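**Student:** Attaching a predicted model along with its sequence, questions to come.
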There are 2 protein chains.
Amino acid sequence: MAGIDAVKPDVVIRKKLSVSNNILSIGSEHFDLEQYRRIYVIGAGKASALMAREIENMLAEKIFYGVVSVKYGHSVPCRKIRILEAGHPVLDENGLSATSQILQVAEDAGEKDLIICLLSGGGSALLEKIPPGIPLEAVQKMFKMLLGSGANIEQINTVRKHLSLVKGGQLARAAYPAECVSLIISDVIGDPLESIASGPTSPDPGTFRDAWEVLERFGIHDNIPEILRQHFKRGLAGEIAETPKPGDSIFQKVKNIILANNFGALEAARQKARELDYNVLVLSSRIQGEAREVGKVLAGLAQELLDSNIPLARPACILLGGETTVTLRGEGKGGRNQELALSAFISMAGVKEPYLILSCGTDGTDGPTDAAGGMAFPQLWEETNSRNLEPVKFLQENNAYPFLEKTGGLIKTGPTGTNVMDIMAILVP
Amino acid sequence: MAGIDAVKPDVVIRKKLSVSNNILSIGSEHFDLEQYRRIYVIGAGKASALMAREIENMLAEKIFYGVVSVKYGHSVPCRKIRILEAGHPVLDENGLSATSQILQVAEDAGEKDLIICLLSGGGSALLEKIPPGIPLEAVQKMFKMLLGSGANIEQINTVRKHLSLVKGGQLARAAYPAECVSLIISDVIGDPLESIASGPTSPDPGTFRDAWEVLERFGIHDNIPEILRQHFKRGLAGEIAETPKPGDSIFQKVKNIILANNFGALEAARQKARELDYNVLVLSSRIQGEAREVGKVLAGLAQELLDSNIPLARPACILLGGETTVTLRGEGKGGRNQELALSAFISMAGVKEPYLILSCGTDGTDGPTDAAGGMAFPQLWEETNSRNLEPVKFLQENNAYPFLEKTGGLIKTGPTGTNVMDIMAILVP
């Protein structure tokens, strides 16, 4: 919980930003607020409303105006900044409308203005402008094809940025010549600026040629709607402006700052565990893989700790972060964190010494459930045995939620308003 | 390589055993060889011939006689100990015949004798006596059904021990009242004595009831050959002797000693890496999971090392051990270690800084190939690109061998004569 608290939008804004004598300081960056004619706030993402409110609290009357696009149900009251709700994970008309207003703010801002741009996970769907004349349905149809084609997320994003007038640095272009500082909560492994919220204020190394090659490679270039094929052909012919590339002079006016990420959550969890007198080892904030297999690896680490005090002496805490995936096999209810915990629990069968393995989404929701994640520890066997439950069968059906619910292994935090992927911990007292 | 050398059968015998003034010392255990009438050597497993030869070198004329069962092609010349070759992984008539002779030695030995029993991986197939009247084919048929049923290895072993007259402590019972010391090279995660070579000199906690419940649970109790059903029914009725249980007095005459295991290989690798001035972290000797997913986790550790010197400062070496699994999807050529390396390589795409991720079977063979394992490092991209190879496609087809062969990522050691599962390493200079 300490890990999650440390990366909440309001907390990171308060912790990483400060205003003193009209100087806004963000880490080693300083902005003399008196030198700007106006200060605007824009942004998109699930955490962006909470970020906006805290920025308002901090800068108060200094903000001239702002517009932020957030997921339905995620708005909070602000005075100067308009919070607009839109569809997520599927882009809808409200998202397109919010983006128009955001782009209008960016266009309105001039050379002497400062734009503070608040970006967080979900920004890809909440911030989108489709090239004129192309219907939303055509775009949606193509991405459905792409998602099922075997293309990876980077390849999909290359295509996405070339069917957009805001992604891939194009929001920064709209903001130019105003100064733009993007404050970012990262929900992507390794914090690649060009991927978080599809990189609206970050250079795009990809080209129309790259995008078309993705469509060709996965064999869908002949099947996409004709109007899209026309669009890409015009792009290839140089008739549509490319996204701004690394080295483009507009980026001299842009600063992208990661305010919170998975590593920050791990660091906070490390401090908390130290306060509780655990020896702590942070292994990696970049863990990926199928949830049930990563669960086995975590069990292997826990077993070694129990056997031989390796890799550190007890009481021991090993922390990992990242985001696992789940391949659906059954019709059950669960999420990647719950599935990881259940798999670890099965691997630890027979262990009676105390241990705890947990996996938890920092956003407080894991899959389509009201739990944030799951835990494995020996006492779960009591209910498992007394109710005659078979954990392996629950795992086979992707049905971790009911198993953990019945045995006492669910973690519930409620939505946290932030997202820096998942935290996993192994505790051996 | 240092890790493998340290767990070779002859090396561990020389390192862990010593004879001085007619006292045989094995760690903290001491045997006054003068007090015994005769010393016999028995054993089974892929490493047991090399162990036998070294024991002969050490004890020379003190050995009265011995019989050891090894895999075809694994025998070495011995003077006092007969090395018999048999089928592995599938038990054959030669294995049954070798086991009869081994049991005969155990029966022959009396109260004043010492039996040295050499056990290693593969002993399950190389040491077997089927209850009289039951044909080998019936047993093989049942295990085929069990292997496809979803039963795990522990459950299969419970059944196996109750269709055997040598597994599950029954070799120790034959040896009684002679003193028996088993020297074991462990190829099982966590070194459970009852699992290595099916635990011929170790108490068996399982019962005929447990074995029958496994058959019922996986729905094959009605489909196994009638003669086996009769056998289990007689066992349930108490008409067949149970395997010796924990606490049985025969085990007062038995010592089971792990001579080499995965952890030993990791420790030796740690020392070698230290000599090379690496900072070293041994994480676990108990890593399990699908090879390609474990490869992603290792890549996540390597990426964090490259990014942030976490969890240790460079030059850094992280060591892990265990045994991964491969779910066959394609028709390709490879093994679990090669597949792990290929998957890690794919996850590290785009990384140009030097790193090395390797996974290697300590037995020197990985799957049905002549390689011991595979490596991932940035230079592999040179051949990948110049030959236009698609690593993802090779992985999809379980076809890691040709990919690594073409790019330079194979590890070849030749058969090492030992097996303590696999070693994985992450090196960042």
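**Tutor:** All right, it came through fine.

**Student:** What separation do you get for A:Glu154 and A:Leu259?
**Tutor:** 24 Å (C-beta to C-beta, to the nearest Å). C-beta coordinates here come from the backbone N, C-alpha and C atoms, glycine included.

**Student:** The two - which one has more neighbours?
**Tutor:** A:Leu259 (25 against 14; other C-beta atoms under 10 Å in any protein chain shown).

**Student:** can you confirm the more buried one is in a strand?
**Tutor:** Yes - membership of A:Leu259 in a strand is supported by DSSP: H, G, I helix; E, B strand; the rest coil.

**Student:** Next, the contact list for it, please.
**Tutor:** Shown in contact with A:Leu259 (C-beta atoms under 8 Å, 6 or more residues apart in numbering or on different chains): A:12-13, A:16, A:26, A:183-185.

**Student:** Then A:Leu281?
**Tutor:** Contacts for A:Leu281 (C-beta under 8 Å, 6+ apart) come out as A:311-312, A:316-319, B:311.

**Student:** Let me have the residues you listed in TSV, adding neighbour count as columns.
**Tutor:** Below are the contacts of A:Leu281 laid out as TSV (neighbours: other C-beta atoms under 10 Å in any protein chain shown):
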residue	neighbour count
A:Pro311	22
A:Leu312	17
A:Ala316	23
A:Cys317	25
A:Ile318	26
A:Leu319	24
B:Pro311	22
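
**Student:** For B:Asn57, state which of those residues is nearest.
**Tutor:** Distance ranking of those against B:Asn57, using C-beta to C-beta, places A:Pro311 first at 37.3 Å.

**Student:** Show the model's pLDDT score for that closest one.
**Tutor:** Looking at A:Pro311, its pLDDT stands at 97.

**Student:** One more: the one 3 residues further on?
**Tutor:** Taken from the predicted model, the pLDDT recorded for A:Arg314 is 96.

**Student:** The one 4 residues further on now?
**Tutor:** For A:Ile318, the model assigns a pLDDT of 98.

**Student:** and the gap between it and A:Arg270?
**Tutor:** 10 Å.

**Student:** What about the residue in the stretch 201-350 of chain A that chain B sits nearest to, how many residues nearby?
**Tutor:** Using C-beta to the nearest C-beta, the single residue of the stretch 201-350 of chain A nearest to chain B is A:Glu293, 3.4 Å away. By the criterion of other C-beta under 10 Å, A:Glu293 has 25 neighbours.

**Student:** where's it, which helix or strand?
**Tutor:** In this structure, A:Glu293 sits in helix A:291-308 according to DSSP states H and E.

**Student:** Just want the angle from that helix to helix B:291-308.
**Tutor:** Calculated by axes from the mean of the first three to the mean of the last three C-alpha atoms, to 10 degrees, helix A:291-308 forms an angle of 70 degrees with helix B:291-308.

**Student:** Check the offset of the helix or strand just after helix A:291-308 from the chain's centre.
**Tutor:** Going down the chain from helix A:291-308, the next helix or strand is strand A:316-322, by DSSP H and E. Distance, stretch centre to chain centre, for strand A:316-322: 19 Å (C-alpha atoms, centre = their mean, to the nearest Å).

**Student:** and if you look at stretch A:154-174?
**Tutor:** Counting by C-alpha atoms, centre = their mean, stretch A:154-174 comes out at 17 Å from the chain centroid.

**Student:** mind listing what's buried in whichever strand or helix holds A:Leu96?
**Tutor:** Counting by DSSP H and E, the element that carries A:Leu96 is helix A:93-108. Buried residues in helix A:93-108, counted by 16 or more other C-beta atoms under 10 Å in any protein chain shown: A:95-96, A:98-99, A:101-103, A:105-106, A:108.

**Student:** for it, packing partners?
**Tutor:** strand A:39-44, strand A:63-71, strand A:81-86, helix A:123-126, helix A:170-175 (3 or more C-beta pairs under 8 Å, 6 or more residues apart in numbering or on different chains; DSSP states H and E).

**Student:** Now the terminal residues of stretch A:24-38, how far apart.
**Tutor:** Stretch A:24-38 stretches 14 Å from its first residue to its last (C-alpha to C-alpha, to the nearest Å).

**Student:** Name the residues of it that are buried.
**Tutor:** For stretch A:24-38, burial by neighbour count (16+ other C-beta under 10 Å) applies to A:24, A:26, A:31, A:36, A:38.

**Student:** State the phi and psi torsions of the second one.
**Tutor:** According to degrees, to the nearest 10, the main-chain angles of A:Ile26 amount to phi -130, psi 100.

**Student:** so who does it touch?
**Tutor:** A:16-17, A:181, A:183, A:257, A:259.

**Student:** for those residues, which one is nearest A:Gln170?
**Tutor:** A:Val181 (17.2 Å).

**Student:** Helix or strand for A:Cys78, just tell me which one.
**Tutor:** Going by DSSP H and E, A:Cys78 is not part of any helix or strand.

**Student:** hang on, I meant A:Ile115
**Tutor:** Element membership for A:Ile115, per DSSP H and E: strand A:114-119.

**Student:** average pLDDT across the helix holding A:Leu96?
**Tutor:** 97.

**Student:** Repeat that for stretch A:43-62.
**Tutor:** Here stretch A:43-62 scores 94 as its mean pLDDT.

**Student:** buried sites along it?
**Tutor:** A:43-56, A:59, A:62.
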